[in-house]
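**Student:** With the input below, show me the fold.
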Amino acid sequence: MLHQQIIQNKRKTILVLLVYTLLFLTVGIAIGYFMFDDILIGTIIATVLGGIYAIAMLSQSTEIVLKRNHAHQITEEMYPMLWHIVEDMAIVAQVPMPSVHVIQDDSPNAFATGMSPDKAAVAVTTGLLKRLNREELEGVIAHEFSHIKNYDVRLQTILVALGTAIALLIQFSSYGMRFGGRHKSNNNDKNSVLGIVLFIVSILAIFLAPLLSTLTQLALSRNREYLADATAVSFTRNPQGLISALQIISQSPDMKGVDPQSAALYIASPIHKKEKDSLFATHPSTANRIARLRNM
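**Tutor:** Have a look, this model is predicted:
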């Protein structure tokens with residue numbers, strides 16, 4: 001059952017990425033149609049711009065995320081139990097030991113960040129350390145190591161970069177549509193079946209791409225949480241620890257100093273907690289996550 005869930009979640013991730021790629025290329029077609037009379041040029045521009053944004057965002061240091069969430073690096077002497085759990089989990093997950101950080105906040109939560117396992121960091125709140133026992137804390141740390149091992153932070157960063165590029169491309173395309181980017185086209189081209197199809201696709205891309213981009217990012221985020229839960233259980237062989245931790249976290253108040261842009265990184269939403277699944281939620285509902293964990 002556990003292996004099947006991991007395989008299924010990975011397939012869903014591939015599907016979401018394919019949808020996102022198709023969406024990105026559609027926006028490129030809109031750019032080419034309205035501004036250059038050549039969809040190939042538009043697609044090339046979209047690809048180059050998306051690549052530049054992705055490289056720029058991937059080059060941002062992990063320290064930025066940690067600073068925005070007021071996470072302070074600790075030593076083994078400061079929090080020995082936390083340190084040893086992280087140390088043990090690094091061995092189990094077969095990844096380098098990440099830096100360990102603590103956030104002064106009474107609401108229990110945790111996140112992992114880093115573009116690769118050798119540059120990763122794990123951060124937990126003081127509320128998590130106060131309210132969770134060792135078994136529950138192991139479940140949370142295992143979940144965060146799942147994100148590190150599966151390169152989830154890098155994946156989300158790339159999607160955010162592409163989403164930003166899509167928004168900018170939409171502005172270019174809208175400008176071309178309003179100010180006559182198709183003035184070079186002849187009437188035969190405009191009235192051809194292909195021309196009509198390209199026009200419809202371009203219009204739909206301009207109006208729907210931003211919304212679909214956001215929904216795709218959120219769908220991927222929710223799916224990766226399920227995958228991280230399943231992978232965490234493969235590390236600990238103890239779903240009950242993670243189940244208990246999720247129950248405690250979901251019933252806690254919102255974090256006070258959290259960076260809203262980092263909400264998707266946390267094990268559970270640190271703000272605006274919802275009891276039911278939503279298309280606009282960064283995380284699946286706790287009830288559904290627990291139901292899947294109990295079936296393992």
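**Student:** as a whole number, average confidence for the lengthiest helix in the chain?
**Tutor:** For the chain, the helix that runs over the most residues, judged by DSSP state H, is helix 193-236. Confidence over helix 193-236 (mean pLDDT, whole number) is 81.
**Student:** Relative to the whole chain's centre, how far out is it?
**Tutor:** Centroid displacement of helix 193-236 relative to its chain, using CA atoms, centre = their mean, to the nearest Å, is 11 Å.
**Student:** List the contacts of whichever helix or strand comes after it.
**Tutor:** From helix 193-236 onward toward the C-terminus, using DSSP states H and E, the following helix or strand is helix 239-250. Defining contact as CB atoms under 8 Å, 6 or more residues apart in numbering, one finds that helix 239-250 is touched by 108-109, 128, 131-132, 135-140, 142-143, 229, 232-233, 236, 267-268, 273, 286, 289-290, 293-294, 296. In this view, the C-beta of every residue, glycine as well, is placed from N, C-alpha and C.
**Student:** how much does helix 239-250 deviate in direction from helix 193-236?
**Tutor:** With axes from the mean of the first three to the mean of the last three CA atoms, to 10 degrees defining the directions, helix 239-250 sits at 110 degrees from helix 193-236.
**Student:** Who are the packing partners of the helix or strand following helix 239-250?
**Tutor:** Later in the chain than helix 239-250, the nearest helix or strand by DSSP H and E is helix 286-294. Packed against helix 286-294, as judged by 3 or more CB pairs under 8 Å, 6 or more residues apart in numbering; DSSP states H and E, are the following elements: helix 193-236, helix 239-250.
**Student:** Just the buried residues out of the contacts of helix 239-250, in ChimeraX syntax.
**Tutor:** For the buried members of the contacts of helix 239-250, the matching ChimeraX selection, counting by 16 or more other CB atoms under 10 Å, is:
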select :108,109,128,131,132,136,137,138,139,140,142,143,229,232,233,236,267,268,273,286,289,290,293,296
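**Student:** Deepest-packed of the helices and strands packed on helix 286-294, please.
**Tutor:** helix 239-250 (a mean of 21; mean count of other CB atoms under 10 Å).
**Student:** averaged over its residues, what pLDDT does that one have?
**Tutor:** On average, helix 239-250 scores 97.
**Student:** With stretch 103-110 instead?
**Tutor:** Stretch 103-110 comes out at a mean pLDDT of 97.
**Student:** contacting residues around that stretch?
**Tutor:** 69-72, 122-128, 130-132, 140-141, 143-144, 245, 248-249, 252-258, 266-268, 270.
**Student:** any weak-confidence spans in the chain?
**Tutor:** Applying pLDDT under 70 to the chain flags residues 1-3, 5-6, 9, 54, 57-61, 160-161, 172-199, 201-202, 205-206.
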